[in-house]
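*Asks:* Could you work out the structure for the sequence below:
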Amino acid sequence: MFIKRSKTKILITGFIVLCAVLLSTVPANAVDIGGETIGITTDFTYASKYLWHGYDILDDRTAFQPSVTVDYKGFFAGVWGSWPGSSGFEDLTEIDLFTGYGRNFFEEDWYALDAWISYTYFIYPKINNDVDAQELGLGFSMPNLIPLGESALIPHYAMYYDWAGVQSSDKVDNGWFQTWGLTYSLPIPALIPTQEEQSLDLSWDITYNDGVFGSDSGWSHSTLGISSTFEWRNLYFTPSVNYQSSFEDSVNDEDELYALFSIGIVF
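*Replies:* Numbers count the residues shown, from 1 in each chain. Alright, predicted model coming up:
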């Protein structure tokens with residue numbers, strides 16, 4: 001057990017040090033390297049409920065969820081956290097370390113394809129037995145496939161495989177999530193004079209859970225969402241409202257209405 005704990009601490013420390021080094025090399029304006037920039041996004045999100053792959057993690061309680069993401073030439077890495085807003089749920093404090101890569105193919109053609117791959121390590125520092133988990137994700141979308149009005153209806157698909165972390169081999173049921181969905185950005189007049197363009201972003205998706213974390217296999221839930229982003233210089237504010245229809249009681253036995261409020265700065 002001591003050896004496993006040491007490996008996890010090395011992983012966490014190394015990842016945070018890497019992010020700190022990257023952040024220390026980037027001033028207020030992003031660095032330009034050979035025509036490409038190193039970007040940083042710092043985000044602070046307040047969630048009225050914390051829904052993850054359909055699961056209501058905090059049983060209708062709120063959460064504060066900050067993150068920092070560094071990106072360069074399609075590669076990205078960062079740290080994301082979730083702190084419960086109510087007492088009694090401290091054990092579900094979460095720190096996620098993530099990295100990945102995204103790329104656009106055939107951007108000017110009708111069959112344009114956006115693809116990404118990601119890896120996430122989930123850590124729960126308040127739990128004494130050090131429960132942790134890992135997730136590998138792969139996703140695709142086709143932004144030019146279905147033109148509709150002034151925008152396009154964008155189909156997307158993502159698959160995620162979750163398995164145990166370094167210290168919880170007997171505490172996590174391995175398995176897949178698969179999500180199909182559609183998004184549409186309806187252009188609207190910008191409400192901030194200096195903002196060049198704004199849209200009302202609509203989304204719908206449905207997820208198949210093959211039995212992760214002891215749930216029954218099947219279509220677990222579907223989510224409808226609406227959001228819009230307000231921008232001023234490097235700052236942004238994105239409110240969203242979402243409604244989850246839950247189909248599988250072993251994942252979630254009730255439908256969920258929740259809101260997210262995100263404030264961030266992009267360098």
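
*Asks:* from here on, contacts and neighbour counts on C-alpha atoms
*Replies:* Noted.

*Asks:* the bottom helix or strand of this structure by mean pLDDT?
*Replies:* The helix or strand of the chain with the poorest confidence is helix 2-24; it has a mean of 43 (mean pLDDT, DSSP states H and E).

*Asks:* From start to finish, how long is stretch 81-94 in a straight line?
*Replies:* 5 Å (C-alpha to C-alpha, to the nearest Å).

*Asks:* quick one: that stretch to chain centroid distance?
*Replies:* Relative to its parent chain, stretch 81-94 has a centroid offset of 18 Å by C-alpha atoms, centre = their mean, to the nearest Å.

*Asks:* Can you list the neighbours in contact with that stretch?
*Replies:* Here stretch 81-94 makes contact (C-alpha atoms under 8 Å, 6 or more residues apart in numbering) with 57-58, 61-67, 95-96, 122-127.

*Asks:* Pull out the buried residues from stretch 235-243.
*Replies:* If you call a residue buried by 16 or more other C-alpha atoms under 10 Å, then stretch 235-243 has these buried ones: Phe237, Pro239, Ser240, Asn242, Tyr243.

*Asks:* Any idea what the fourth one is bridged to?
*Replies:* According to DSSP bridges, Gly225, Tyr258 are recorded as the beta-bridge partners of Asn242.

*Asks:* swap in the first one?
*Replies:* With DSSP bridges applied, the residues forming beta bridges to Phe237 are Phe230, Ile263.

*Asks:* quick one: it and Asp91, what's the gap?
*Replies:* 29 Å.

*Asks:* Over to the last one?
*Replies:* Distance of Tyr243 to Asp91, computed by C-alpha to C-alpha: 26 Å.

*Asks:* quick revisit: so which of the contacts of stretch 81-94 sit within strands?
*Replies:* Counted as lying in strands by DSSP state E, out of the contacts of stretch 81-94, are Ala63, Phe64, Gln65, Pro66, Ser67, Ile95, Asp96, Phe122, Ile123.

*Asks:* from memory the fourth one sits against Thr45, does it?
*Replies:* When you say that, I think you mean Pro66. Yes - between Pro66 and Thr45 there is a contact under C-alpha atoms under 8 Å: 5.8 Å.

*Asks:* now Ser151, which residues is it bridged with?
*Replies:* With DSSP bridges as the rule, Ser151 is bridged to Leu148.

*Asks:* what about it, how many neighbours?
*Replies:* Number of residues near Ser151 (other C-alpha atoms under 10 Å) recorded here: 15.

*Asks:* give me every residue that touches it.
*Replies:* Tyr184, Ser185, Leu186, Pro187.

*Asks:* Could you do Gly211 as well?
*Replies:* Asp173, Gly175, Trp176, Ser217, Gly218.

*Asks:* Then the third one would be within a strand, right?
*Replies:* The one in question is Trp176. Yes - counting by DSSP: H, G, I helix; E, B strand; the rest coil, Trp176 is located in a strand.

*Asks:* That one bridge partners, please.
*Replies:* Tyr161.

*Asks:* got a pLDDT number for it?
*Replies:* You'll see Trp176 listed with a pLDDT of 96.
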